[in-house]
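In: structure of the sequence below:
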Amino acid sequence: MWNALIDRMDDNGIITASESDLAEATFTLRQTVHARIGVLRGSALLQLVQEGRGGGAARYGVSDPGQPRQAPLPALPEGSRWLRDPGGARALFDQHAGHIATTTRQREQLRQLWNALIDRMDDNGIITASESDLAEATFTLQRTVHNRIGALRDRGLLQLVQEGRGGGAARYGVSDPGQPRQAPLPALPEGSRWLRDPGGARALFDQHADHIATTTPQREQLRQLWNALIDRMDDNGIITASGSDLAEATSAPQPTVHDRIGVLRDRGLLQLVREGRGGGAARYGVSDPGQPRQAPLPGPALGPDRPQGEDLSWLDHGGTLPMSGPAPASPAGTGLPGLPGPLDDPDAPPRRPGRRGGRNRGGRYPAWA
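Out: Okay, the predicted model is just below:
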């Protein structure tokens, strides 16, 4: 674009050009041209002489600012230091990779972005890059690039030096934060303790499984999610995982994964250590709550056969919340209200009152049979 501007310089050194004209000359969107002109002006290479009226041509002059301007570096947290050489910056990622993401796939995706950033480091250690440029370089969505940059900044490896204007390039520096950062663990309820080894965490689920879900399909679905979580536990007992990653690992819809994580947290087996940003990975810890928790009953028992605990049958079929009201009558001979079908077919959808294919008397729910 600089060359397109200079092509429009007259004998007096004045450039006359409109953004639409420059967009056509550079095969670029007009909005992008506007942002890039802002970058050139921000670097003091281009000076606005006269505004363009009504989208018409503006006039510019070229100036030499002397030594290239560098935005002042921000103050680093205590114990951190700047890294200005690409080799040291690449090695830094290797030291911290296991504390940023715990799966090979996550690490490689972040490493690809990290290398693209380091490729854009100048002799002063400053990285100049836009999210759209990085998205193209890593074959990734721009929103994903934004989230991953957030993860690198959150861990103290990447520092923002100067914001990008209008979607243009931002400037970053690389910093070594020292020991890899761990989020502080939350306080546990009285009687609970942290479990930091995968073996103990897997055994914990077996101890509590019957108190979390009352049918074999429910237990196995929760066990599959639990194992996927424990597979992502690091040496410090911290689990780093996103809902989308767990959904893919367990072949379950993401809303269902969200609901099942809620059940594990409600029973005191899983503790949230740090929220995930923008759909990114969250961090969890495993805790042993002692005696298995029972969910509080919503009201007086409806009879001697009412199960002592929360009905989790909604977890079986894609995360649909249970409907309020009394439990449906039990199948003949089971004596257990609320089961989704005969004992030999626990996944069969429950039958509800109403004509086949019609509506219930209240007209709220379609008949399932």
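In: which one in this structure is furthest away from the centre?
Out: Distance from the C-alpha centroid of the chain peaks at residue 11, with 54.3 Å (CA atoms, centre = their mean).
In: helix, strand, or coil at it?
Out: Recorded secondary structure, residue 11: coil (DSSP: H, G, I helix; E, B strand; the rest coil).
In: please, which helix or strand holds residue 224?
Out: Per DSSP states H and E: residue 224 is located in helix 216-231.
In: quick one: buried residues of that helix?
Out: Within helix 216-231, the residues that count as buried by 16 or more other CB atoms under 10 Å are 218, 219, 221, 222, 223, 224, 225, 226, 228, 229, 230. Just so you know, the C-beta spots here come from the backbone N, C-alpha and C atoms, and that holds for glycine as well.
In: and for stretch 118-127?
Out: By neighbour count with 16+ other CB under 10 Å, stretch 118-127 contains the buried residues 118, 120, 121, 125, 126, 127.
In: ditto for stretch 136-144
Out: Buried residues in stretch 136-144 (16+ other CB under 10 Å): 137, 138, 140, 144.
In: show me what contacts the third one?
Out: Each residue near residue 140 by CB atoms under 8 Å, 6 or more residues apart in numbering is listed here: 109, 113, 134, 148.
In: sec struct for it, please.
Out: Strictly by three-state DSSP, residue 140 counts as coil.
In: how near is it to residue 12?
Out: Noted for residue 140: a distance of 46 Å to residue 12, by CB to CB, to the nearest Å.
In: need the residues that contact stretch 265-273.
Out: 183, 185-186, 188-189, 192, 204-205, 208, 211-212, 226, 229, 238, 261, 264, 282-289, 292-293, 295.
In: show me where the stretch 101-250 of the chain has strands.
Out: 126-129, 158-162, 170-176, 193-195, 238-241 (DSSP state E, counting those that start in this stretch).
In: quick one: distance of the longest one to the chain centre.
Out: To tie it back to what came earlier, the one meant is strand 170-176. 22 Å (CA atoms, centre = their mean, to the nearest Å).
In: could you check the angle it makes with strand 158-162?
Out: Relative orientation of strand 170-176 and strand 158-162, computed by axes from the mean of the first three to the mean of the last three CA atoms, to 10 degrees: 140 degrees.
In: spatially central residue in this protein, please.
Out: residue 280 (0.9 Å).
In: leaving out the residues flanking it, which one is nearest to it?
Out: Closest residue in space to residue 280, ignoring its immediate chain neighbours: residue 147 at 4.8 Å, by CB to CB, 6 or more residues apart in numbering.
In: so residue 188 touches residue 287, yeah?
Out: Yes. Using CB atoms under 8 Å, residue 188 makes contact with residue 287 at a distance of 5.6 Å.
In: JSON lines please, covering the strands of the stretch 101-250 of the chain and showing mean pLDDT and distance to residue 247.
Out: Shown next, in JSON lines, are the strands of the stretch 101-250 of the chain (pLDDT from 0 to 100; distance: least, CB to CB, whole Å):
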{"stretch": "strand 126-129", "mean pLDDT": "92", "distance to residue 247": "31"}
{"stretch": "strand 158-162", "mean pLDDT": "92", "distance to residue 247": "28"}
{"stretch": "strand 170-176", "mean pLDDT": "93", "distance to residue 247": "31"}
{"stretch": "strand 193-195", "mean pLDDT": "93", "distance to residue 247": "24"}
{"stretch": "strand 238-241", "mean pLDDT": "88", "distance to residue 247": "10"}
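In: gap between residue 85 and residue 32?
Out: 32 Å.
In: so which of those two has more stuff around it?
Out: Counted by other CB atoms under 10 Å, residue 85 and residue 32 do not tie: residue 32 has more neighbours, with 19 against 13.
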